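Enquirer: Turn this into a structure:
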Amino acid sequence: MKSFKLVDLVSMYQARLKARLKDLGFDIKVNSTRLKERLLANCSSLSASRKGKDVLLAFDTDVGDALKKACDSDSDEEVIILAKAAQIIRPYSKPNPKT
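Expert: Next up, the predicted model:
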């Protein structure tokens, strides 16, 4: 059974988000526990286990179904939309200098 280190998945996910949001100038920091919880919630055949300091994620059954379900999620698109919205309203949230 193939397993993945959570730290490696976090690095890949963070790099992907940075690449998609590079024009907006956001510094992305991915919370590994939240990412693990999202992965486990969206992939019923995925399980997590500890090996020393590492958290390993492995598929219990057919990887194809789990990958399809994970790819169907659009939560990354929501992050991008929220980041763009924040960039638009940020100038308006700064206090006006007194005249």
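Enquirer: Could you list the low-confidence segments of the protein?
Expert: By pLDDT under 70, the low-scoring segments of the chain are 1, 61-75, 92-99.
Enquirer: top helix in it by residue count?
Expert: Using DSSP state H, we find that the single longest helix of the chain is helix 75-93.
Enquirer: hmm, who's touching it?
Expert: For helix 75-93, contacts defined as CB atoms under 8 Å, 6 or more residues apart in numbering pick out 16-17, 20-21, 24-26, 38. (Each C-beta comes from the backbone N, C-alpha and C, glycine too.)
Enquirer: For the residues you listed, which ChimeraX command selects only the ones that are buried?
Expert: Buried members of these, defined by 16 or more other CB atoms under 10 Å, are picked up in ChimeraX with:
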select :17,21,26
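Enquirer: What about the contacts of helix 75-93, which are in helices?
Expert: 16-17, 20, 38.
Enquirer: State the pair within those residues that is farthest apart.
Expert: Largest separation among the ones in helices among the contacts of helix 75-93 by CB to CB: R20 and R38, giving 16.9 Å.
Enquirer: picking up where we left off before, and the ones in helices among the contacts of helix 75-93 as JSON lines, adding distance to G52?
Expert: As requested, the ones in helices among the contacts of helix 75-93 are exported to JSON lines (distance: CB to CB, whole Å):
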{"residue": "R16", "distance to G52": "27"}
{"residue": "L17", "distance to G52": "28"}
{"residue": "R20", "distance to G52": "33"}
{"residue": "R38", "distance to G52": "24"}
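Enquirer: D60: which of these is nearest?
Expert: Using CB to CB, the ones in helices among the contacts of helix 75-93 come closest to D60 at R38, 17.6 Å.
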